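> no sequence for this one, just the structure:
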C-alpha cells in the first residue's frame, strides 16, 4: 500500500499503528497478488519493481520466488517500514522515491507492481505511464486498487452505513477515488497496453477473527476524530461501529481488490508480408567487431575476461550492428547475434545438464569424401571456439537473464528508429545434439524432446519481449549429410518429422506468425553433393508451426529448387524468406541477379509472400571470416538494391513501391 504523507492523504506511515494496519491488508491479499505476479513472469531470475511498497509484507515471499538471481526494487516516499528488509533479503533494494515528482528507472523490470497506490494520487494516467516506462520489453504491469462498491454490512446496520459513507466522503474530498478498481482496465488500455485483463476479490470481515480486521479497526481509529469534528458521525455512531469489530455475528463485505494487468505492444505485429514491395531481411549473424570477437576468443581459451567489460562491449556492438543494417536499407533487423559466441553452442551457458566432454562430430559427409578440401575447410580458427560439452544429466533452462539481456539490448538499440520489424535468433532443439553428445538419455528422440522443453522458455521470452523469434534449424537440411549420414532417406524423413514435432511442442504457446524457421544445408563452402534434396523433405518442413520459412535458396546446389514449390505449393498462411545472397563466397551478387532470383519465387508463390533474405549468417561463430566483413555489408546493400529492382518489376512501378508507398 502507498505511503500516505502527501497533503491529500488521510493516513501516514509515521502513525504508530500503521505497520500493523498495512500488514493486515498484505496478509489478506498477498496470496492472490503473488499468484498474479508469478503468472506474469515474477519467477526465478526476474527483476520486479514494487512501487509504494508500504510495510513490505509482500516482499519476503516474492524474493523467495525470484531466487538468488532475481532482484526487487521496493520504493516508497517514506520507506521507514522497509529499511530492515535488505539485511534479511539481499536481493531486495529499498529506494526513497516520490512517484509523483520523480521518474523511475527506465526499461529495467520484468514486472512492475503497485497496490493501493493510484487511488490516492493525482494525474493517474501520468503515473501509469511512468510505471510502464520502467518495464523491460515484454514486461507486465500489475496494478491493484479497491473498488468500494461492495463495501458494507451484510445486514442493515445504520451506524456502519453512516460511518462508511462519512469516511468515503472525507477521502473523496482529498482526491481519493473509491471506485478506481473498476476503472483500472480502461486506465491500462489508455496507456497503450495490450492483453489487458482484470479480476476482483472481496473478503468477509467477521469480528476479530478476520485477518484483515486490524486494518478496519486502526483505520477507523485514525479517521474517527476527523469524522466527528466535521459532524459527519456522532459518538453513538462511532460506538456502534466499534462494537461490531468484536461481534462474531457481524459480517461485513470488504471493498473488492481489483487486480488489472497488461503489457506494452510488440515491435512486431505479426507475420511480415511484402505488401507494396519486396521487404528485406537476413538470417541472423553479422560480422562482429574485431575487438568483441577477440574477447570471445580469449574467454574460450580460458583467459580472464571482465564480464562487465564484455557486456558493455556487446551493448555498444548491438547499437552499431542495428545502425549498419538500417544504413544498408534492411527492413527487418536483428542484433546480429553479437551477444553469442555462436548460433548454436551458446546454450551451454543457458541450459543445465551439460557437464561432460563430448567429441566434436559435426563433420559433413562431403568434407569427408573430399579429404584434402575438407581438411582445409576445418582449419578455420573459429572452430576452436566451439566448446562442446556432453549431456550428462537432465537438461533444463536455467536463468532467463541472458535472453532477457538480448531482448533489452535490441530494444535499446532500436529506440527512436523506424523499422518494419525485428527478430532474435535461437537454436532449434534438433541442432543441439549435433554438437553436444548425449551421455544421459541414451535415446536420440528422448534427448530431442527434453531439449525442446528446455528451450521453450527462451523461445517464449523472445516473443514476450516484443520481437519475432527465428528458430535456426539446419538439422532439417545438413543433418542428413552429417549426424545422420548413415540413415536412408526414409529414416532421415522420420528423423525430420520427429524434430519438427518436438519443435512444434516447444512453440505450442506462441503465435505461428511471430516465428521464422531457418533451414539450410550447412553454412560452408564445399561440394554439397551429399545434400538432401528440398523435394524430399519440403512436405515435412511445411508441418512446422512457424509461419515464415527462411530457406537457403541461391547456392549452386540448391538455386534451382524454386521449381520445387510448383509441385509442393506453399501452404496458405505461410511466407517465404528467400536466400538470394550467398554467405560462403566473397562475390558481391549483381542486383539484377538478386532481382531475378526473387521474381522466380514471386511468380510461383505470389509477390506478397516473398521476403528477400540471405542464405545463412555471415558469422555463425565469433571470428569466422569466410566472407570479409566489408564484403558482407556490400552484399546486404546489393540485397536491398536487388529487392528494389524486383519490386519495380513485380509492382510495375519505377520506385519499386506500390501505390500505398
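The structure has been received and is ready for your questions. The model shown is predicted, which means the values in this text are computed figures rather than measured ones.
> By mean pLDDT, which helix or strand of the chain comes out lowest?
helix 371-377 (a mean of 71; mean pLDDT, DSSP states H and E).
> Quick check: next helix or strand after that helix?
Proceeding N to C from helix 371-377, the next assigned helix or strand is strand 389-390, under DSSP states H and E.
> elements contacting that following strand?
In this structure, strand 389-390 makes packing contacts with strand 356-357, judged by 3 or more CB pairs under 8 Å, 6 or more residues apart in numbering; DSSP states H and E. (C-beta placed from N, C-alpha, C; glycine too.)
> how far does the strand it packs on sit from the chain's center?
Mean-position distance between strand 356-357 and its chain equals 31 Å (CA atoms, centre = their mean, to the nearest Å).
> in this protein, which residue is closest to the centre?
What sits nearest the mean C-alpha location of the chain, by CA atoms, centre = their mean, is residue 465, with 2.7 Å.
> Which residue ranges of the stretch 401-550 of the chain form helices?
Along the stretch 401-550 of the chain, the stretches classed as helices by DSSP state H, counting those that start in this stretch are 401-414, 432-435, 444-464, 489-506, 538-541.
> on that earlier part again, close enough to count as contact, the residue nearest to the centre of the chain and residue 138?
Yes. The pair formed by residue 465 and residue 138 meets the contact definition of CB atoms under 8 Å, at 3.7 Å.
> circling back: mind putting the helices of the stretch 401-550 of the chain in JSON lines, distance to residue 603 and mean neighbour count included?
Rendered in JSON lines, the data for these read as follows (distance: least, CB to CB, whole Å; neighbours: other CB atoms under 10 Å):
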{"stretch": "helix 401-414", "distance to residue 603": "34", "mean neighbour count": "21"}
{"stretch": "helix 432-435", "distance to residue 603": "35", "mean neighbour count": "22"}
{"stretch": "helix 444-464", "distance to residue 603": "32", "mean neighbour count": "21"}
{"stretch": "helix 489-506", "distance to residue 603": "28", "mean neighbour count": "19"}
{"stretch": "helix 538-541", "distance to residue 603": "18", "mean neighbour count": "18"}
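> quick one, which of those helices is nearest to residue 474?
Distances from residue 474 to each of these were compared by CB to CB, and the smallest falls on helix 432-435, at 8.0 Å.
> Distance check, residue 488 against residue 494.
Residue 488 sits 10 Å away from residue 494 when distances are taken as CB to CB, to the nearest Å.
> Count the residues that sit near the nearest residue to residue 254 once chain neighbours are set aside.
Take residue 254 and drop its neighbours on the chain: the residue closest to it by CB to CB, 6 or more residues apart in numbering is residue 203, 4.6 Å away. Close neighbours of residue 203, defined as other CB atoms under 10 Å, add up to 17.
> ok, residue 203 to residue 558 distance?
With CB to CB as the criterion, residue 203 and residue 558 are 66 Å apart.
> swap in residue 106?
Spatial separation of residue 106 from residue 558 under the definition CB to CB is 46 Å.
> now do residue 318
31 Å.
> So those two - more neighbours on which side?
When neighbours are counted by other CB under 10 Å, residue 318 comes out ahead of the other of residue 318 and residue 558, with 24 against 21.
> The more buried one and residue 335 touch, don't they?
Yes. Taking CB under 8 Å as the definition, residue 318 is a contact partner of residue 335 at 4.7 Å.
> Mutual contacts of those two, please.
Counting by CB atoms under 8 Å, 6 or more residues apart in numbering, the shared contacts of residue 318 and residue 335 are 409-410, 413.
> tell me which of those residues is nearest to residue 611?
Taking CB to CB as the measure, residue 611 lies nearest residue 410 of the shared contacts of residue 318 and residue 335, at 19.2 Å.
> what residue ranges in this protein score low on pLDDT?
Low-confidence segments of the chain, defined by pLDDT under 70, are located at 1-17, 155, 207-209, 267-270, 360-362, 374-386, 655-661.
> longest single strand anywhere in it?
Looking only at the chain and at elements set by DSSP state E, the strand with the highest residue count is strand 135-147.
> Show me what secondary structure element comes after that strand.
Downstream of strand 135-147, the next assigned helix or strand under DSSP H and E is strand 152-153.
> what's in contact with that following strand?
160-161, 164, 244, 250-253.
> let's see it at 10 Å
Contact partners of strand 152-153, identified using CB atoms under 10 Å, 6 or more residues apart in numbering, comprise 159-161, 164-165, 205, 241, 244, 250-255.
> Would you format those as CSV with neighbour count and distance to residue 629 included?
CSV is the format used below for the contacts of strand 152-153 (neighbours: other CB atoms under 10 Å; distance: CB to CB, whole Å):
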residue, neighbour count, distance to residue 629
159, 19, 81
160, 19, 76
161, 14, 76
164, 20, 71
165, 12, 73
205, 25, 69
241, 24, 77
244, 20, 77
250, 17, 77
251, 16, 74
252, 24, 72
253, 14, 68
254, 22, 65
255, 21, 62
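> Could you provide these in CSV, with additional columns for distance to residue 435 and secondary structure?
Below are the contacts of strand 152-153 laid out as CSV (distance: CB to CB, whole Å; DSSP: H, G, I helix; E, B strand; the rest coil):
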residue, distance to residue 435, secondary structure
159, 75, helix
160, 70, helix
161, 71, helix
164, 67, helix
165, 70, helix
205, 61, strand
241, 71, helix
244, 70, helix
250, 68, coil
251, 65, strand
252, 64, strand
253, 61, strand
254, 57, coil
255, 57, coil
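> Distance of the closest residue to residue 464 other than its chain neighbours relative to residue 580?
Spatially, and ignoring its direct neighbours in sequence, residue 464 is nearest to residue 138 (3.8 Å; CB to CB, 6+ apart). If you measure residue 138 against residue 580 using CB to CB, the figure is 32 Å.
> cool, and residue 632?
Distance from residue 632 to residue 580, counting by CB to CB: 15 Å.
> These two: who's more crowded?
residue 580 (30 against 23).
> Correct me if wrong: residue 206 contacts residue 248.
Yes. Counting by CB atoms under 10 Å, residue 206 sits close enough to residue 248 to count as a contact (6.3 Å).
> Looking at those two, which has the bigger crowd around it?
Neighbours were counted for residue 206 and for residue 248 using other CB under 10 Å; residue 206 has more, 16 against 9.
> Identify all residues paired with the more buried one through a beta bridge.
With DSSP bridges applied, the residues forming beta bridges to residue 206 are residue 251.
> contacting residues around it?
By CB under 10 Å, 6+ apart, residue 206 lies in contact with 154, 213, 244, 247-252.
> Can you add distance to residue 396 and give those back as CSV?
Compiled in CSV, those are given as follows (distance: CB to CB, whole Å):
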residue, distance to residue 396
154, 50
213, 44
244, 53
247, 53
248, 50
249, 53
250, 51
251, 48
252, 48
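> Nearest to residue 460, out of these: which one, please.
Taking CB to CB as the measure, residue 460 sits nearest to residue 213 out of these, at 41.9 Å.
> how far away is that closest one from residue 56?
21 Å.
> higher neighbour count, the two?
It is residue 56, of residue 213 and residue 56, that has more neighbours when counted by other CB under 10 Å, with 25 against 18.
> Tell me which helix or strand that one sits in.
Applying DSSP H and E as the criterion places residue 56 outside every helix and strand.
> Once you drop chain neighbours, what's closest to it?
Distance criterion CB to CB, 6+ apart; nearest residue to residue 56, sequence neighbours excluded, is residue 82 at 4.6 Å.
> Kindly report the same for residue 628.
residue 586 (6.0 Å).
> Contact partners for residue 85?
With contacts taken as CB under 10 Å, 6+ apart, residue 85 has the following neighbours: 53, 55-56, 59-60, 63, 72, 74, 79, 91-94.
> Export those residues to JSON lines and append columns for secondary structure.
Shown next, in JSON lines, are the contacts of residue 85 (DSSP: H, G, I helix; E, B strand; the rest coil):
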{"residue": "53", "secondary structure": "coil"}
{"residue": "55", "secondary structure": "coil"}
{"residue": "56", "secondary structure": "coil"}
{"residue": "59", "secondary structure": "helix"}
{"residue": "60", "secondary structure": "helix"}
{"residue": "63", "secondary structure": "helix"}
{"residue": "72", "secondary structure": "strand"}
{"residue": "74", "secondary structure": "strand"}
{"residue": "79", "secondary structure": "helix"}
{"residue": "91", "secondary structure": "coil"}
{"residue": "92", "secondary structure": "strand"}
{"residue": "93", "secondary structure": "strand"}
{"residue": "94", "secondary structure": "strand"}
